[in-house]
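Peer 1: I'd like to go over a predicted model; first the sequence, then the structure.
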Amino acid sequence: MKVGYLIPTREAVMEGRPEVTPLLGLACRAETLNYDSVWVGDSLLARPRHDPLTLLSAIAAQTQRVRLGTAVLLPAYRNPVVLAQQVATLDQISQGRLILGVGIAGDRPNIRAEFTAAGLPFKGRIGRMQEGLQLCRKLWTGEAVDWTGRWSLEQAVLGPKPFRLGGPPIWGAGSHPNALRRAGETMEGWLPIWPAEPSGWRTQYDAVLNHAAASGKTPTTGAIYLTTFIHEDEKTATAAIDQFLESYYDVPGPVMRKSQACRGGSLERIEDWLQEYREAGVEHVVLRFAGDHERHIEQVSSLIKNLV
């Protein structure tokens with residue numbers, strides 16, 4: 001199982017320290033410690049943070065090996081022609097290290113307000129994402145594209161093409177049955193934030209694989225996005241996670257833990273939890289630390305060799 005690390009862009013903005021240099025330092029340190037990938041989230045106003053594609057370009061310029069991912073990008077906010085060029089450029093800068101994690105955004109008042117602020121209707125966002133990604137894939141071939149739909153193109157040729165033939169792999173988020181179907185039928189990976197138990201994850205992943213097989217597609221990579229905090233006292237660790245989640249989402253931590261995969265405790269307990277996901281078939285885990293990032297990336301790095 002490969003281990004990825006979520007760069008704390010949201011926390012940096014929340015805590016009034018938006019300077020990019022420390023974030024770049026964390027990404028470089030993760031690469032030195034043999035993490036497989038580093039990831040960044042996406043939000044305009046609901047949960048403000050750095051623009052993910054811009055920041056990943058900076059990280060790409062300062063790293064050599066580590067893969068770069070979005071967890072997750074919201075394509076429905078973006079014109080797909082512009083997005084296709086941005087992604088292709090980032091893929092060139094990183095020499096093919098990009099993983100494009102995508103999602104639809106949950107139905108919450110602050111998310112709806114964010115769409116309104118961007119001049120976009122909330123309704124229809126799933127269809128816009130799906131069509132937009134299809135158009136991106138067409139443009140990434142470098143061939144002339146004719147398109148009639150939400151967007152209209154005539155003999156459009158994108159330059160540059162992505163570094164990777166056909167563009168970066170696209171991983172879909174979400175655990176709704178429709179999200180499982182989309183991931184299986186149209187995407188290269190599945191990156192949910194829930195369920196919290198490996199057995200539940202496996203059940204949903206089997207559904208993703210069944211959709212992939214039915215569509216004649218290569219099996220979809222199985223991943224998981226986990227939130228954790230390491231402390232010898234489990235109650236202290238869980239309290240830290242609850243405080244983090246409440247500040248992050250403005251929703252009580254225990255409520256958020258019902259819809260996200262979270263666990264706190266000793267390093268040994270977290271290793272056991274990760275091993276359970278590995279045995280369930282998870283190929284890639286993205287870890288979000290509920291604070292104290294410098295300590296956590298060092299501690300978890302000691303587990304990486306045992307999880308491969």
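Peer 2: Thanks, I have the structure now.

Peer 1: make it CA atoms for all contacts and neighbour counts henceforth
Peer 2: Noted.

Peer 1: Which parts of the stretch 151-300 of the chain are strands?
Peer 2: Applying DSSP state E, counting those that start in this stretch to the stretch 151-300 of the chain gives strands spanning 152-156, 170-172, 189-190, 221-230, 262-265, 284-289.

Peer 1: Mean pLDDT, distance to residue 205 and mean neighbour count for these - can I get that in a markdown table?
Peer 2: Formatted as a markdown table, the strands of the stretch 151-300 of the chain follow (pLDDT from 0 to 100; distance: least, Cα to Cα, whole Å; neighbours: other Cα atoms under 10 Å):
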| stretch | mean pLDDT | distance to residue 205 | mean neighbour count |
| --- | --- | --- | --- |
| strand 152-156 | 98 | 36 | 12 |
| strand 170-172 | 98 | 12 | 27 |
| strand 189-190 | 98 | 8 | 26 |
| strand 221-230 | 98 | 7 | 24 |
| strand 262-265 | 97 | 19 | 22 |
| strand 284-289 | 98 | 13 | 23 |
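
Peer 1: for those strands, which one sits closest to residue 22?
Peer 2: Closest to residue 22 of the strands of the stretch 151-300 of the chain, according to Cα to Cα: strand 284-289, at 15.7 Å.

Peer 1: Isn't residue 145 up against residue 139?
Peer 2: Yes: Residue 145 is within contact range of residue 139, at 6.6 Å (criterion: Cα atoms under 8 Å).

Peer 1: did I read that right, residue 68 in a strand?
Peer 2: Yes: counting by DSSP: H, G, I helix; E, B strand; the rest coil, residue 68 is found in a strand.

Peer 1: check contacts around it.
Peer 2: 37-39, 56, 60, 97-99 (Cα atoms under 8 Å, 6 or more residues apart in numbering).

Peer 1: low pLDDT regions in the stretch 151-300 of the chain?
Peer 2: Scanning the stretch 151-300 of the chain for pLDDT under 70 picks out no residues.

Peer 1: do you know how far the residue nearest to residue 88 when sequence neighbours are not counted is from residue 67?
Peer 2: Excluding the flanking residues, the one nearest residue 88 by Cα to Cα, 6 or more residues apart in numbering is residue 162, at 4.1 Å. Separation of residue 162 from residue 67 (Cα to Cα, to the nearest Å): 15 Å.
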